[in-house]
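Novice: Just need the structure, nothing else, for what follows:
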Amino acid sequence: MTVSTQGMKVHWGSRSLRASVELLSSMRFSISLLTVICIASVIGTVLKQQEPLGNYVNQFGPFWAQVFSLVSLNTVYSAWWFLLILAFLVTSTSLCIARNAPKILADLNHLKENVREQSLKAFGHRAEGALSEAPEAAARRIGQTLVQSGWKVKLQHRPSSGGWMVAAKKGAANKLGYIAAHSAIVLVCVGGLLDGDMVVRAQMWLGGKSTYTGGGLIADVPAQHRLSDRNPTFRGNLLVAEGTQSGTAILNQPGGVLLQELPFAIELKKFIVEYYSTGMPKLFASDIIIHDRETGEKIPARVEVNHPARHKGIEIYQSSFDDGGSSVTLKAIPLAPTAKAFEIQGTIGGASSLTNGADKLTLEYTGLRVINVENFASASTLGAGSGVDVRKVDLHQAIDTRLGAANKTVTRKDLRNIGPSVSYKLRDAAGQAREFNNYMLPVKMDDGTDSPAVYLLGVRETPADPFQYLRIPVDAEGSMDTFLRLRAALADPVQRELAVKRYASQAIGADRPELAQQLTASASRALALFAGAGPDGAPSGNAKTPAGLQAISDFMEANVPEAERNRAGEVLIRILNGVLFELTQMTRAKNGLKPLAQDDKTQGFMSQMVLSLSDAHHYPAPMAFVLKDFTQVQASVFQVARAPGRNIVYLGCAFLILGVFAMLYVRERRVWVWLAPGGGNSGHSDNSGHSGEGSGLAHSVPESGTSSLATMALSTNRKTMDGDKEFEMLKMKLLQAPL
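Specialist: Prediction:
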């Protein structure tokens with residue numbers, strides 16, 4: 001029996017209805033639907049699902065982001081067309097099973113003993129032989145032998161010819177594999193429909209529920225945006241901070257959210273996280289107490305990744321962790337002439353209002369990270385250098401880095417925890433915001449030079465951009481005060497002029513006043529350009545006004561011939577460094593600090609200071625906020641799910657394994673042996689005209705009544721070498737050949 005790929009043919013209804021039923025129940029239609037679902041699943045795997053629209057715009061552009069939203073490619077598994085295809089696939093596959101299963105089940109017990117003896121000669125595996133037994137005795141012996149080998153056997157006596165037909169079958173589970181595999185598709189799809197958004201969508205369409213798009217407290221959300229705790233299936237997220245409890249999950253939906261009431265509340269006693277040396281978390285664990293709302297029982301539990309807790313049919317998974325409202329104290333670092341230093345306290349997730357003259361700013365506290373592990377491998381440790389120079393080639397090291405343990409890599413790592421960091425946004429009155437990320441402690445970059453440790457102040461325009469960092473060097477007192485004092489002095493024309501005179505007097509003696517005057521003019525011009533000063537000598541305050549090293553570069557390109565720029569640039573930078581050093585010494589003396597020693601360490605400090613002052617002009621905010629103190633409060637993000645289709649999917653997976661195993665590794669075989677009386681059938685008494693396996697079995701015909709002529713044939717659903725071997729073995733056992 002072969003499985004038909006045609007659809008179910010009905011003899012009632014209109015012609016269009018009959019054609020629709022036949023198409024829907026055909027195997028070709030089911031395979032087409034399954035192909036579409038596989039393609040959609042690939043898209044859902046490659047494209048991140050349920051991301052904010054802005055993320056798709058940043059990554060793919062506004063056109064494709066709109067296309068993704070229009071056809072719901074950003075929410076494939078809950079899209080209406082995906083659920084509709086699943087429903088059609090369930091219906092089509094069920095009709096295929098209903099059409100073919102009765103035939104398969106009926107064929108299990110059908111051994112086809114009525115096959116004509118002449119038909120056996122058409123099989124590829126066939127043999128003939130003469131037996132010294134009567135047909136009945138030979139039939140019973142052959143049948144018993146097959147039964148002992150696990151075959152299902154049936155004997156048939158044909159009085160018209162006096163012969164016996166032995167029909168046997170083995171491997172009937174191959175056809176059952178078809179039913180199991182197709183039933184698995186139905187079960188998995190049904191489980192997916194039950195655990196998907198179909199039930200939630202039905203409540204929205206039929207129960208008057210709608211998504212919530214506003215903000216505020218969960219307790220203030222109206223009832224039409226809430227689902228009952230008797231909801232049969234859902235999957236949502238629940239954020240619980242340490243020392244608090246919550247019993248309302250959030251279900252993300254296209255265009256908003258729904259609130260899912262739980263029959264219990266989860267209280268987070270303590271959140272535990274452990275890290276690898278790379279800074280990646282290796283353990284999430286939450287010690288929780290489940291408060292049952294019906295009985296008032298308090299059930300302690302522990303939730304870890306891949307080890308959920310379960311209560312009243314709802315699974316509680318450890319999804320991730322977040323900040324639970326840590327309190328932070330930030331110190332404002334003035335980077336503009338009009339800005340003032342101050343301290344402000346806030347809570348992660350909250351916001352504070354700031355005033356910058358006529359400008360109104362909103363400070364939004366977005367994140368606190370206590371641990372930041374970064375790779376500080378320098379060029380020397382990474383093996384940088386020319387591999388062409390044979391003096392630099394270490395063959396032993398080259399082989400050792402590529403062979404041995406699996407954890408060996410060519411790239412070495414220097415991982416260090418550089419301490420806490422705070423991230424925040426500054427939003428202007430128009431609603432535009434920039435994101436900042438500043439580290440609390442100074443960082444030693446270890447770039448192979450004697451450069452000082454620096455404070456890292458990061459900024460980016462959009463979430464899709466990487467952070468760009470302003471590096472402020474740490475002074476001898478372990479702070480960034482020298483940088484701040486020098487930046488303030490650089491904005492004061494009077495102090496700049498004093499620094500220029502001090503530099504000129506030390507560089508050139510009093511006996512050469514003309515040269516001192518020229519040097520003073522050049523130094524004043526260089527320092528004014530570097531400070532971004534306007535015509536009156538004061539800083540313009542406009543970010544578009546050239547300043548820093550860029551202003552000096554623009555000045556030289558406009559006023560110095562190209563052939564003389566390198567030499568003039570070196571002279572101008574040397575003058576600038578000298579004047580800035582004198583200005584630094586003046587600010588330190590004014591604040592009662594020891595002057596900087598003139599050594600290599602100070603030279604590295606001043607080199608970084610020049611770069612920092614140059615970059616600070618491009619910093620897009622009048623101040624930077626650095627972390628001064630914090631009190632961390634952690635929170636767990638749980639995923640709570642009621643999934644009645646889970647067991648159905650597990651059953652479908654078991655059916656799929658059994659079905660695929662049966663279809664691939666179980667071969668259906670049938671054996672027929674026709675036993676005719678020794679002289680009673682001329683069609684079997686002459687072997688000279690046969691070929692194949694029976695061509696070599698020519699025997700003398702024993703006396704009729706005590707002997708028989710045997711014709712044997714074997715069929716299998718797949719031609720394999722195992723089938724050939726099995727036929728040879730059966731021929732030896734059943735026909736006792738060679739005689």
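Novice: what helices or strands is the helix or strand hosting Gly659 leaning on?
Specialist: According to DSSP states H and E, Gly659 maps onto helix 645-665. Packed against helix 645-665 by the contact rule (3 or more Cβ pairs under 8 Å, 6 or more residues apart in numbering; DSSP states H and E) you find helix 173-195. C-beta here means a position set from N, CA and C on the backbone, and glycine is covered the same way.
Novice: In the helix it packs on, which of the residues would be classed as buried?
Specialist: 173-195 (16 or more other Cβ atoms under 10 Å).
Novice: pLDDT of it, averaged?
Specialist: Over the span of helix 173-195, the pLDDT mean works out to 89.
Novice: C-terminal to that helix, what's the next element?
Specialist: According to DSSP H and E, the helix or strand after helix 173-195 is helix 198-206.
Novice: could you say what helices and strands the longest helix along the chain packs with?
Specialist: Secondary structure of the chain per DSSP state H: the longest helix is helix 80-108. Contact here means 3+ Cβ pairs under 8 Å, 6+ apart; on that basis helix 80-108 packs against helix 15-24, helix 27-46, helix 173-195, helix 198-206.
Novice: Tabulate those in a markdown table, adding columns for distance to Lys501.
Specialist: Below are the helices and strands packed on helix 80-108 laid out as a markdown table (distance: least, Cβ to Cβ, whole Å):
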| stretch | distance to Lys501 |
| --- | --- |
| helix 15-24 | 95 |
| helix 27-46 | 66 |
| helix 173-195 | 80 |
| helix 198-206 | 77 |
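Novice: residue contacts, the nearest residue to Asp615 once chain neighbours are set aside?
Specialist: The shortest distance from Asp615 to any non-neighbouring residue, by Cβ to Cβ, 6 or more residues apart in numbering, is to Leu470 (5.4 Å). By Cβ atoms under 8 Å, 6 or more residues apart in numbering, the residues touching Leu470 are 456-459, 612, 615-616, 619, 624.
Novice: what about the helices and strands packed on helix 80-108, which gets the closest to His307?
Specialist: For His307, the closest of those is helix 173-195, at 20.5 Å, according to Cβ to Cβ.
Novice: Surely Ser183 is in contact with Phe655?
Specialist: Yes: the pair formed by Ser183 and Phe655 meets the contact definition of Cβ atoms under 8 Å, at 5.3 Å.
Novice: Please work out the average pLDDT along the host helix or strand of Ala138.
Specialist: Secondary structure from DSSP H and E places Ala138 in helix 135-148. Here helix 135-148 scores 92 as its mean pLDDT.
Novice: cool, stretch 566-581 as well?
Specialist: Mean predicted lDDT for stretch 566-581 stands at 88.
Novice: Outside of that stretch itself, list whatever touches it.
Specialist: Residues contacting stretch 566-581 (Cβ under 8 Å, 6+ apart): 486, 490, 499-500, 503, 507, 519, 522-523, 526-527, 530, 552-553, 556, 560, 596, 606-607, 609-610, 613.
Novice: Just the buried subset of these, please.
Specialist: 486, 490, 499-500, 503, 507, 519, 522-523, 526-527, 530, 552, 556, 596, 606-607, 609-610, 613.
Novice: Just those: which are in helices?
Specialist: 486, 490, 499-500, 503, 507, 519, 522-523, 526-527, 530, 552, 556, 606-607, 609-610, 613.
Novice: ok, Arg642 - how many residues close by?
Specialist: 21 (other Cβ atoms under 10 Å).
Novice: Sorry, slip of the keys, the one I care about is Gly419.
Specialist: Count around Gly419 with other Cβ under 10 Å applied: 15.
Novice: which strand in the protein runs the most residues?
Specialist: strand 256-275 (DSSP state E).
Novice: and the direction of it versus that of helix 198-206, what angle?
Specialist: Interaxial angle, strand 256-275 versus helix 198-206 (axes from the mean of the first three to the mean of the last three Cα atoms, to 10 degrees): 150 degrees.
Novice: measure the nearest residue to Phe68 once chain neighbours are set aside to Ser319 for me?
Specialist: The shortest distance from Phe68 to any non-neighbouring residue, by Cβ to Cβ, 6+ apart, is to Asn74 (4.8 Å). Asn74 is 20 Å from Ser319, where distance means Cβ to Cβ, to the nearest Å.
Novice: who has more neighbours, these two?
Specialist: Asn74 (22 against 17).
Novice: can you give me the strands for the stretch 451-600 of the chain?
Specialist: 454-460, 468-473 (DSSP state E, counting those that start in this stretch).
Novice: helices or strands next to the helix holding Ala138 in the packing?
Specialist: strand 152-158, strand 163-170, strand 669-677, strand 708-716, helix 721-734.
Novice: hmm, who's touching the second one?
Specialist: With contacts defined as Cβ under 8 Å, 6+ apart, strand 163-170 is touched by 111-113, 115, 117, 135-136, 138-139, 142-143, 146, 149-158, 668-677, 680-681, 708.
Novice: chain center to that strand, what's the gap?
Specialist: 58 Å (Cα atoms, centre = their mean, to the nearest Å).
Novice: And for the shortest one?
Specialist: Per Cα atoms, centre = their mean, the displacement of strand 152-158 from the mean C-alpha position of its chain is 61 Å.
Novice: List of residues touching that strand?
Specialist: Contacts for strand 152-158 (Cβ under 8 Å, 6+ apart): 111, 113-114, 136, 139-140, 143, 146-147, 163-170, 172.
Novice: Let me know the average pLDDT across stretch 362-382.
Specialist: 75.
Novice: do stretch 492-502 as well
Specialist: Here the average pLDDT along stretch 492-502 is 90.
Novice: Next: stretch 631-640.
Specialist: Mean predicted confidence for stretch 631-640 is 92.
Novice: Now do the buried residues in that stretch.
Specialist: 632-640.
Novice: now stretch 134-151
Specialist: For stretch 134-151, by 16+ other Cβ under 10 Å, it's 134-136, 138-139, 141-143, 145-146, 151.
Novice: again with stretch 323-336
Specialist: 323-328, 330, 332-336.
Novice: Can you give the distance of it from its chain's centre?
Specialist: With Cα atoms, centre = their mean, you get 32 Å for stretch 323-336.
Novice: show me what contacts Ala265?
Specialist: 245-247, 290-291, 293.
Novice: Ramachandran coordinates for the residue lying closest to it once chain neighbours are set aside?
Specialist: Leaving aside its sequence neighbours, Ala265 sits nearest to Gly247 (Cβ to Cβ, 6+ apart; 3.5 Å). Main-chain dihedrals, Gly247, degrees, to the nearest 10: phi -130, psi 20.
Novice: give me the number of residues near Gly247?
Specialist: Applying other Cβ under 10 Å, I find that Gly247 has 20 neighbouring residues.
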